[in-house]
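**Student:** Generate a structure from the sequence data that follows.
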Amino acid sequence: MPLFSGIDAVFYQVCNMDRSVGFYSDVLGLELARREGNDWAEFNAGGATLALSGELAVAPQKGGATVVLRAEDLDGLSSKLDAAEASRGPVEDMGGARMLSFHDPDGNEIIAIQPVS
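**Tutor:** Next up, the predicted model:
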């Protein structure tokens, strides 16, 4: 019998919950599923839970995991990130997919990937 049945959630540590919730909901368009004040917030991300862990840190965390989100409209996301003045790299052609690396307000890296059909 396996020890694990799947991933429950992936989370990033953030320094300002209001700012981060705004970024993930308003800029990335993720649905806020649950929020517990400044301690925890969960978003629906295509059947998975992407969460934010509260304002315990005084500076952004360095290193750790990177969330890769499957994008339906990478060009639309790119425009929203530009409008929000988010830190981002260029849209890259990876052969079978296009990829865009960007950062949330606390410097956590997020990658969006859109398979080429």
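
**Student:** For D82, grab the count of nearby residues.
**Tutor:** Number of residues near D82 (other CB atoms under 10 Å) recorded here: 10. No exception for glycine: its C-beta is placed from N, CA and C like everyone else's.

**Student:** Do a quick rundown of the strands in this structure.
**Tutor:** 10-13, 31-36, 40-45, 48-53, 67-70, 92-93, 97-103, 109-115 (DSSP state E).

**Student:** list the helices and strands the fourth one packs on?
**Tutor:** Read it as strand 48-53. strand 10-13, helix 17-22, strand 40-45 (3 or more CB pairs under 8 Å, 6 or more residues apart in numbering; DSSP states H and E).

**Student:** Name the residues that touch the helix of greatest length in the chain?
**Tutor:** In the chain, taking DSSP state H as the definition, the longest helix is helix 74-83. Here helix 74-83 makes contact (CB atoms under 8 Å, 6 or more residues apart in numbering) with 27-29, 71, 88, 91, 98, 100, 102, 112, 114.

**Student:** List the buried residues for that helix?
**Tutor:** For helix 74-83, burial by neighbour count (16 or more other CB atoms under 10 Å) applies to 74, 77-78, 81.
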